[in-house]
Structure formats: C-alpha cells, structure tokens
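**Q** my questions are about this predicted structure, shown below with the sequence.
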2 protein chains.
Amino acid sequence: MSEAFLQRAVALATENVNSGQGGPFAALIVKDGKIVAEGVNRVTSANDATAHAEIEAIRQACRILGNFQLSGCDLYASCEPCPMCLGAIYWARLDRVFYAATAADAAAAGFDDAFICDELRRAPDARRLHITQLSHPDALRPFQVWLSSFSKKPY
Amino acid sequence: MSEAFLQRAVALATENVNSGQGGPFAALIVKDGKIVAEGVNRVTSANDATAHAEIEAIRQACRILGNFQLSGCDLYASCEPCPMCLGAIYWARLDRVFYAATAADAAAAGFDDAFICDELRRAPDARRLHITQLSHPDALRPFQVWLSSFSKKPY
C-alpha cells in the first residue's frame, strides 16, 4: 500500500466537488504498483444512481484490463465504501481496499449509508423496502437453461 | 404489480443465456404501469463486474428519465437481488421490488451471494476482505469543500 495513491484519491475527491461533477468521493484501482483506473462520483452529472466513485473505477479497470475480475488489484478510496460498492468489490474480486475517511465522516457531511447497512442486515420481510417474492411457474427456467448450456461462460 | 412484468423478466433472463450475453438474470423498471427500462446480466460479454441485470436496468432508467432518483418506479427481477444490487435499489429510491426466483435458487445454479451477505453483516475488521482505514491529513478535505460549496447539487 502507498500513501501516494490515497493522496491521489483524496485530491480527486476534492477536485470533483470543485468541478461540479458530483459528490466528494474518488477511488483508484492499482495493479503492480501502477494506477489502472480512476473513478469519481458522477451521480448528479451523469444522472446515474449507481455512479459512485468505486463503481466507476471498477467499471473502467475492467474495461482497460479486458477482464470482469480484478484479482491482483487493490482499491484506494477517499472514503469507506457503501454497501453497494462493497458488493461490487466482492464481485470484482479485488485483493485489498484502503480508504481515508470513514462512513461516520461521510455521514457528518450528509452522506449517510447507515440506513442501507441496517436494511441489509435484516431479513427481507423485516425491511422497510417493499420487496416481495412472487411465485412464477417459469421462475427456475433461466437457471435450467444455464445449467444445460454448453456455451455458457461462468463467472 | 403485474404478472406480465415478472413474466417478461423471466423470459429475458432465459433469452440472455441463449444469446450468450451473460448470466441467467434480467430486470425491468416499471413506472405508471409501463416498462421504462430493461437490463440483463452482461458481466462476461461487457467485461464489467458490476453489469448485473438490476444495475443495468437502473442505469438505463436513470438515463431515460433524466433523473438519478427513481421514486415512483418499481423493479421486477427474474431473481432476488444480490447485496450490490440491493444497495443500488436503495440509492435509486425505487418504490417496490418484485422477484421470481430466490437467492437459494440462484445458489443451486452456482450463483451464490451468501458469502457477500455474511461479509456485509460483519464488522469491517472481522471480514475476510482485507479492508483498512489509513489515516491521512486531508481525509476530511473533500467533505469540508463540499459543505462550503455554494454550487453543489445534493443527492
């Protein structure tokens, strides 16, 4: 791990506010000691609820490396990742995550993901989100077709 | 809620395997009884670890509606959303979520997100993921600039 990468993430996050692109967050993907991709929060400028810095950096690194898995890469973030971004970090199989500010620091600035953390810890039927399983006769069909496919690309 | 939307999601998920675009998952965003956007899993074809069906549908709906919030919209998914997609659902402020197959059904087909759910429930220092806060003198600077900005667009 390197102080310079964290410094870069914090500087990009600050710049992102000044440029009006989005919230005060940035993230880098680093491989073999080099920056592969950088992402900043673009939620409001891109009209994209998912355009958090970490998601943007992961998407860009995947594109640049031509791989949907980022094993061997580290993520440096200006702030502790939210649950959505943590989920993406696991799916991308990143090796390590380093961050500067904490979720509590972000909450003090008006970016509070504690509600989402609490919700994810609850059983689906105890959540505030209205989320319902509906029975459907073909519900398992996509999986059956997947399991019997000879051309599938597992991930 | 409507059977037809769930049917459409399940059919798209099945088609997605046959077309080789990605995993057996699809999702729709519905507003005022009409489909606004459709998403399918494109992880392997787009080389994007975040390209789950729900994320793709949310991104497209945000783009089409020109809004980073999807209040007043419902999401129909062929399968129960993973933690990353649930996080995106909260950030997008979707009203309701309906799904056909369960996470257990997906796990039986080789798509197991229980590991991620377990990790998110743990304190950061008890996770298997190597995730570390590093102190940095400017860690709070992005938030300070945000709070004092007159041109910021909150979200």
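**A** Nice, thanks for sending it over. Numbers count the residues shown, from 1 in each chain, chains lettered A, B, ... in the order given.

**Q** identify the residue nearest the residue nearest the centre of chain A in space, chain neighbours excluded?
**A** Closest to where the C-alpha atoms of chain A average out (C-alpha atoms, centre = their mean) is A:C85, at 2.5 Å. Nearest non-adjacent residue to A:C85, counting by C-beta to C-beta, 6 or more residues apart in numbering or on different chains: A:E54, 3.8 Å away. C-betas here are computed from N, CA, C, even on glycine.

**Q** about what we covered before: name the helix or strand for the residue nearest to the centre of chain A, please.
**A** In this structure, A:C85 sits in helix A:83-91 according to DSSP states H and E.

**Q** next helix or strand past that helix?
**A** Heading C-terminal from helix A:83-91, the first helix or strand you meet, by DSSP H and E, is strand A:96-101.

**Q** just the pLDDT at the residue nearest to the centre of chain A, thanks.
**A** With respect to pLDDT, A:C85 scores 98.

**Q** surely it touches A:T50?
**A** No. In terms of C-beta atoms under 8 Å, A:C85 does not count as a neighbour of A:T50; the distance is 9.5 Å.

**Q** buried set for the helix holding A:C85?
**A** The neighbour-count check on helix A:83-91 (16 or more other C-beta atoms under 10 Å in any protein chain shown) flags A:83-91 as buried.

**Q** what comes into contact with it?
**A** Identification of contacts with helix A:83-91 by C-beta atoms under 8 Å, 6 or more residues apart in numbering or on different chains yields A:50, A:52-55, A:58, A:75, A:77, A:81, A:97, A:113, A:116-117, A:120, B:43, B:49-50, B:52, B:82-88, B:90-91, B:115-116, B:119-120, B:129.

**Q** give me the buried positions along the helix or strand bottoming out on mean pLDDT in chain A.
**A** In chain A, the helix or strand scored least confidently by mean pLDDT, DSSP states H and E is helix A:114-121, which has a mean of 91. Residues A:116-117, A:119-120 are the ones in helix A:114-121 that count as buried (16+ other C-beta under 10 Å).

**Q** against which helices or strands is that helix packed?
**A** helix A:83-91, helix B:83-91, helix B:114-121 (3 or more C-beta pairs under 8 Å, 6 or more residues apart in numbering or on different chains; DSSP states H and E).

**Q** and the residue of chain A most remote from its centre, what pLDDT?
**A** Going by C-alpha atoms, centre = their mean, the residue of chain A most distant from its centre is A:P137, 33.7 Å out. Per-residue pLDDT puts A:P137 at 96.

**Q** what distance do you get for it to chain B?
**A** Going from A:P137 to chain B by C-beta to the nearest C-beta, to the nearest Å gives 9 Å.

**Q** equivalent analysis for A:G33, please.
**A** 17 Å.

**Q** which residues sit against stretch A:28-41?
**A** The contact list for stretch A:28-41, computed with C-beta under 8 Å, 6+ apart, reads A:2, A:5, A:8-9, A:12-13, A:15-16, A:21-27, A:51-61, A:63-65, A:70, A:72-77, A:94.

**Q** hey, C-alpha coordinates of it in PDB?
**A** Provided in PDB are the C-alpha atoms of stretch A:28-41 (Å, rounded to 0.1, in the frame of the first residue of the first chain):
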ATOM      1  CA  LEU A  28      -8.400   4.300  -7.800                       C
ATOM      2  CA  ILE A  29      -7.600   0.800  -8.900                       C
ATOM      3  CA  VAL A  30      -3.900  -0.100  -8.600                       C
ATOM      4  CA  LYS A  31      -2.200  -3.100 -10.100                       C
ATOM      5  CA  ASP A  32       1.500  -3.900  -9.800                       C
ATOM      6  CA  GLY A  33       2.200  -0.500  -8.200                       C
ATOM      7  CA  LYS A  34       0.500   1.400 -11.000                       C
ATOM      8  CA  ILE A  35      -2.800   3.200 -11.300                       C
ATOM      9  CA  VAL A  36      -5.000   1.300 -13.700                       C
ATOM     10  CA  ALA A  37      -8.200   3.300 -13.400                       C
ATOM     11  CA  GLU A  38      -9.700   6.300 -11.600                       C
ATOM     12  CA  GLY A  39     -13.300   7.000 -10.700                       C
ATOM     13  CA  VAL A  40     -15.100   9.900  -9.300                       C
ATOM     14  CA  ASN A  41     -18.700  10.200  -8.100                       C
END
